[in-house]
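A.B. asks: need a 3D model of the sequence below.
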Amino acid sequence: MNTIETADMWVELSNEGDLEGLSKVTANELEIVGPKGTGVIDHKELGEWLKRAKLKLVTINRYAKDHFIVLEQQGTWLNPDDSIKGQGIVFTVFKIVDQNVTFLARYDNKQEAFDVSGLSDEAKITK
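C.D. replies: All right, here's what the predicted structure looks like:
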């Protein structure tokens, strides 16, 4: 499985809330950057994070090179009753080593994601 396939699988498993599956493609210590801060979490904390976020993502564009991939995504945040709390475009940065996500960051704009990943528009993947 390559970097793009790993990132796509991670998003799919995250959308499904499949923590067991996510644990198989996530490093034991995941560095995470988000609107509420930066830190390192383990698989148990990843499950708690997923439940709190209640976020579903649909990928629009992919940018990838070496270990990094940036996914431009439509995000939908849900309330506890699964009604829609909010929607917006986000840019998720993954660093993938040995088919495991080791770094995950989410940004509101593409340039921030590119600055962190070292990618640019030239790295866009066309299928």
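A.B. asks: in stretch 16-29, what counts as buried?
C.D. replies: Buried residues in stretch 16-29, counting neighbours by 16 or more other C-beta atoms under 10 Å, are found at Leu19, Leu22, Ser23, Val25, Thr26, Ala27. Just so you know, the C-beta spots here come from the backbone N, C-alpha and C atoms, and that holds for glycine as well.
A.B. asks: what ranges do the strands span in the chain?
C.D. replies: If you assign secondary structure with DSSP state E, the strands in the chain sit at 26-34, 37-41, 55-65, 68-78, 84-97, 100-107, 124-125.
A.B. asks: and Thr6, which of the ones you listed is closest to it?
C.D. replies: In this view, these are compared for proximity to Thr6 by C-beta to C-beta, and strand 84-97 is the closest at 4.9 Å.
A.B. asks: would you mind giving the strands of the chain as a markdown table with distance to Glu5 and mean pLDDT added?
C.D. replies: Conversion of the strands of the chain to a markdown table gives the following (distance: least, C-beta to C-beta, whole Å; pLDDT from 0 to 100):
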| stretch | distance to Glu5 | mean pLDDT |
| --- | --- | --- |
| strand 26-34 | 15 | 93 |
| strand 37-41 | 23 | 90 |
| strand 55-65 | 10 | 96 |
| strand 68-78 | 10 | 96 |
| strand 84-97 | 9 | 96 |
| strand 100-107 | 12 | 96 |
| strand 124-125 | 11 | 95 |
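A.B. asks: just put the ones you listed in TSV and tack on distance to Glu12.
C.D. replies: Formatted as TSV, the strands of the chain follow (distance: least, C-beta to C-beta, whole Å):
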stretch	distance to Glu12
strand 26-34	13
strand 37-41	20
strand 55-65	9
strand 68-78	12
strand 84-97	13
strand 100-107	13
strand 124-125	17
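A.B. asks: among these, which comes closest to Asn15?
C.D. replies: Once C-beta to C-beta is applied to the strands of the chain, the stretch that comes out nearest is strand 55-65, at 5.2 Å.
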